[in-house]
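Student: I would like to see how this sequence folds:
(2 chains)
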Amino acid sequence: MLSSLPEAVAILLSLEGLLVLVVGTILGIILGAMPGIGSTVAVAIVLPFTLTMSQAPAIILLLAVYAGSVYGGSIAAILINTPGTPQSAATCLDGYPMAQRGEAGLALGWATVASVIGGLVSAVVLIFAAPQLAAFALEFGPIETFALILLGMTCIVSVSTGSVVKGLMAGMIGIFLSTVGGDPILGEMRFTFGNWQLFAGFNLLAVVIGVFALSEVFMRASTKQSTVSELVSFNGIVLPSLSMWKGRFKNLAKSVAIGNVIGVLPGTGAATAAFVSYAEGRRSSPNGDGFGKGEPDGIVASEAANNAVTGGALVPTMALGIPGDAITAVMLATLTLHGITPGPKLVEDNPVLIATIFSGFFVINLLLLPLGMLLSRVAAPILRVREAFMMTAIVILCAVGIYFVRGNVFDLLVMGGAGFIGFLLRRQGFPMAPLVIGMVLGPTLELTLRQGLILTDGNFLAFFTGHPIALVLGITAVAALLLPVVRSLQKRGTA
Amino acid sequence: MQRFVSERILVQVGLLIVAVALFASTFGQSFSSSDLAQSPMFFPRIILVLWIGLGVISLIQSFKSDEKTRQIASWPRIGIVLVAALIYTNLIGSEGFFIPSVGFAVISLLAFGIRNPILVLLFAVLVPGSLVLLFNHTLGMPLPTSRFSYFF
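Tutor: Below is the predicted model:
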């Protein structure tokens, strides 16, 4: 991959390359700052614009929107006490009290520096870990791949927010949806009920946008109109001096590490990382007592971790084709739209593309500092945009985005249906991320299971007896599945 | 009694019925291979059985739990937005992008409480209009058109 670096740099320094880097990061920060949009919807909104682009600029644009939106969420969290994205929710806890004290600029300064450092380290992790992981995964046959996907699935459910049973159920619904259409081995039609529009199955993006974006609009319409907290006085970002960092580096390093590790685990996501890191910061920081009252360490813990997730989550996405969270599931579908098949062979077959994407991701995180400082002033008035306009625009933009994916009007119906069902399920506490990840991983899970059974003459136990990697992955999967059960039993025991 | 007819229970029962119906539908079809691993229904059946099992557990948990579903703040608003969005996604295919988008924007903005007619009309026309200009005329990616597009 390193030998392809000069070509990658040439692509990034071309007019198109520079344009997508800057425009994508700007769009990401602005969309991320708008409460209610979130990273998944931000990526979906920008998706149709990439369809006229070549592979590398298209993916870089989406990555820039992704990383930018995660950072942008902190602006709304600090200035109006409403997280722009769920992953910035922990930032509110200390960011807004600081802003109320008249230190909004400094709070955003802490958030910006922590985000940039978290993102840069995660880019380095991505650059070094993804090729190694992909090289290791090249040895995998169908049985090992099946065990790996199984592990991915169990990780998803073990971190499901709320009820584990509902998380598992959402995962099953997602896997089932992926079975609609042609059978992967014989090509025979399943669950189409004579509707030819279903022969190719449900469009993943239509379902994702439906259950995340459209259902969010319905959720907002069903709840009391949010009263936006008063915008605090803000005169631009103030970066913390080096002396102010004294005694805080350990917290920063720990948060970055937590973000990277959680990012790599399939199904966890930036919001989990931010809260885990915040809790750890509160426990171990010398300033832990001040958490929740406007303590900079709280902002650093949350922002460093949620931005560190971005690169970490891309490691399994790129190297194994397993999405780290819902956003990377959308990225995965987008890569496929652009003719790129993520997985172990991607790094080997497309070294220039991979080098461009990875180095582009590093540059995006560098750009967060100047663009964040510049845009925070512009983004502040945008926070006053009324929910009505934002929600209406989201529905229209999502319709445009979904239509352009395949030019198929049927996908719009799927999006509408998924939005309605997503709304019903979310109201009952069903998490949507397992559904999406189930839908992404379902086809590979089925294909590798059936291939494995053919190889072992229908003996499922032979999956693990003759394949040590599959055995280790299988044991880890069972442990990941049992962990929440053990935890809940422990809780009952101590109660 | 209310515990048995709550929205939570109805949704759970609905999910269970769908899963059972889908599972039953896997038996009435004939495929070229009925071998265990080669059967097209082998994998979906496993998933549907798990779905049904989890559905039953979840239903029992719901019966035992006192947890209440979040209250709907305004039934008319959610009703209007839901129906408008579903009709909108259905109409784009036959009536094109622009006209349904303007209609949806007007209804949605009114439902969300925007009462300034100029603001509503400006937003409803400008947002879809700028998207048509951008995609149809700048990017060369035509959005769905209606029977009236011929006149423009």
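
Student: enumerate the positions of the host helix or strand of A:Arg450 that are buried.
Tutor: In this structure, A:Arg450 sits in helix A:433-455 according to DSSP states H and E. Applying a neighbour-count criterion of 16 or more other C-beta atoms under 10 Å in any protein chain shown, the buried positions in helix A:433-455 are A:433-453, A:455. Backbone N, C-alpha and C define where each C-beta goes, glycine included.

Student: where's the residue in the stretch 51-200 of chain A that chain B sits nearest to relative to A:Pro443, distance?
Tutor: Across the stretch 51-200 of chain A, the shortest distance to chain B (C-beta to the nearest C-beta) belongs to A:Asp183, at 3.7 Å. The spacing between A:Asp183 and A:Pro443, counted by C-beta to C-beta, to the nearest Å, is 10 Å.

Student: who's in contact with residue 91?
Tutor: You didn't pick a chain, so chain A it is. Applying C-beta atoms under 8 Å, 6 or more residues apart in numbering or on different chains to A:Thr91 gives the contacts A:Gly73, A:Ser74, A:Ala77, A:Ile78, A:Pro83, A:Ala111, A:Ala274, A:Gly298, A:Ile299, A:Ser302, A:Glu303.

Student: think we crossed wires, I meant chain B
Tutor: Listed by C-beta under 8 Å, 6+ apart, the contact set of B:Leu91 reads B:Pro100, B:Gly103.

Student: am I right that it sits in a strand?
Tutor: No. The assignment for B:Leu91 is helix, going by DSSP: H, G, I helix; E, B strand; the rest coil, so no strand is present there.

Student: which strand or helix spans residue 31?
Tutor: Just going to use chain A. With secondary structure defined by DSSP H and E, A:Leu31 is part of helix A:15-33.

Student: near residue 94, how many other residues are there?
Tutor: Went with chain A since none was named. Neighbour count for A:Asp94, taken as other C-beta atoms under 10 Å in any protein chain shown: 30.

Student: chain B, not that one
Tutor: A count of neighbours around B:Ser94, defined by other C-beta under 10 Å, yields 11.

Student: so what's the residue nearest to it when sequence neighbours are not counted up against?
Tutor: Spatial nearest neighbour of B:Ser94, chain neighbours left out: B:Ser146 (7.7 Å); criterion: C-beta to C-beta, 6 or more residues apart in numbering or on different chains. If you count contacts by C-beta under 8 Å, 6+ apart, B:Ser146 has them with B:Ser94, B:Glu95, B:Gly96, B:Phe98, B:Ile99.

Student: which of the residues you listed sit farthest apart?
Tutor: Of all pairs drawn from these, the one with the largest separation by C-beta to C-beta is B:Ser94 and B:Phe98; the distance is 13.0 Å.

Student: per-domain residue ranges of chain B.
Tutor: Structural domains assigned to chain B are B:2-64, B:75-151, following automatic domain parsing.

Student: turn the ones you listed into JSON lines, including distance to A:Leu61.
Tutor: Converted to JSON lines, the domains of chain B look like this (distance: least, C-beta to C-beta, whole Å):
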{"stretch": "domain B:2-64", "distance to A:Leu61": "35"}
{"stretch": "domain B:75-151", "distance to A:Leu61": "14"}
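
Student: state the distance from B:Ser94 to B:Phe148.
Tutor: Note on B:Ser94: its distance to B:Phe148, by C-beta to C-beta, is 12 Å.

Student: do A:Val440 as well
Tutor: Between A:Val440 and B:Phe148 the computed distance is 40 Å (C-beta to C-beta).

Student: in stretch B:75-90, which residues are buried?
Tutor: Going by neighbour count (16+ other C-beta under 10 Å), the buried part of stretch B:75-90 is B:Arg77, B:Ile78, B:Ile80, B:Val81, B:Leu82, B:Ala84, B:Ala85, B:Leu86, B:Tyr88, B:Thr89.

Student: those residues also near chain A: which ones?
Tutor: B:Arg77, B:Ile78, B:Val81, B:Leu82, B:Ala85, B:Leu86, B:Tyr88, B:Thr89 (C-beta under 8 Å from any C-beta of the partner chain).

Student: can I assume the fifth one sits in a helix?
Tutor: Yes. Counting by three-state DSSP, B:Ala85 is part of a helix.

Student: residue contacts, it?
Tutor: Residues in contact with B:Ala85 (C-beta under 8 Å, 6+ apart) are A:Leu214, A:Val217, A:Phe218, A:Val395, A:Gly416, A:Gly419, B:Phe104, B:Ser108.

Student: ok, now which ones touch residue 20?
Tutor: Using chain A here. A:Val20 makes contacts with A:Met53, A:Pro57, A:Ala58, A:Ile60, A:Leu61, A:Ala64, as judged by C-beta under 8 Å, 6+ apart.

Student: chain B, not that one
Tutor: B:Ile52.

Student: how far off centre is the helix or strand containing it?
Tutor: Secondary structure here is read from DSSP H and E; on that basis B:Val20 sits in helix B:7-25. In terms of C-alpha atoms, centre = their mean, to the nearest Å, the centre of helix B:7-25 is found 17 Å from the chain centre.

Student: any buried residues in the lengthiest helix in chain B, and which?
Tutor: The residue-count maximum for a helix in chain B (DSSP state H) belongs to helix B:42-64. For helix B:42-64, the neighbour count (16+ other C-beta under 10 Å) marks B:42-44, B:47-48, B:50-52, B:54-55, B:58-59, B:62 as buried.

Student: in contact with residue 29, which residues?
Tutor: The chain I'm using is chain A. Contacts were defined as C-beta under 8 Å, 6+ apart; by that measure A:Ile29 touches A:Gly68, A:Ser69, A:Tyr71, A:Gly72, A:Ile75, A:Leu368, A:Leu371, A:Gly372, A:Leu375, A:Ala379.

Student: right idea, wrong chain: chain B
Tutor: Counted by C-beta under 8 Å, 6+ apart, B:Gln29 has contacts B:Met41.

Student: likewise for A:Thr145?
Tutor: A:Thr444, A:Thr448.

Student: quick check, pLDDT for it.
Tutor: As summarised for this prediction, A:Thr145 has a pLDDT of 86.

Student: quick one: the strands in the stretch 101-250 of chain A, in order.
Tutor: Counting by DSSP state E, counting those that start in this stretch, the segments of the stretch 101-250 of chain A that form strands are A:181-182, A:189-190.

Student: need the winner for burial among these.
Tutor: Between the strands of the stretch 101-250 of chain A, strand A:189-190 has the highest mean count of neighbours, a mean of 20, where neighbours are mean count of other C-beta atoms under 10 Å in any protein chain shown.

Student: pairing partners for that one, with directions?
Tutor: Counting by DSSP bridges, the strands paired with strand A:189-190 are strand A:181-182 (antiparallel).

Student: how distant is the partner strand from the center of its chain?
Tutor: Put simply, strand A:181-182 sits 28 Å off its chain's centre (C-alpha atoms, centre = their mean).

Student: and what of stretch A:239-246?
Tutor: In this view, stretch A:239-246 has its centroid 30 Å away from the chain centroid, taken as C-alpha atoms, centre = their mean.

Student: and the spatially closest residue to A:Leu198 that is not a sequence neighbour, how close does it get to B:Asn90?
Tutor: Once its chain neighbours are removed from consideration, A:Leu198 has its nearest residue in A:Thr192; the separation is 4.1 Å (C-beta to C-beta, 6+ apart). Using C-beta to C-beta, one gets 20 Å for the distance from A:Thr192 to B:Asn90.

Student: ok, A:Arg190 next?
Tutor: Noted for A:Arg190: a distance of 25 Å to B:Asn90, by C-beta to C-beta.
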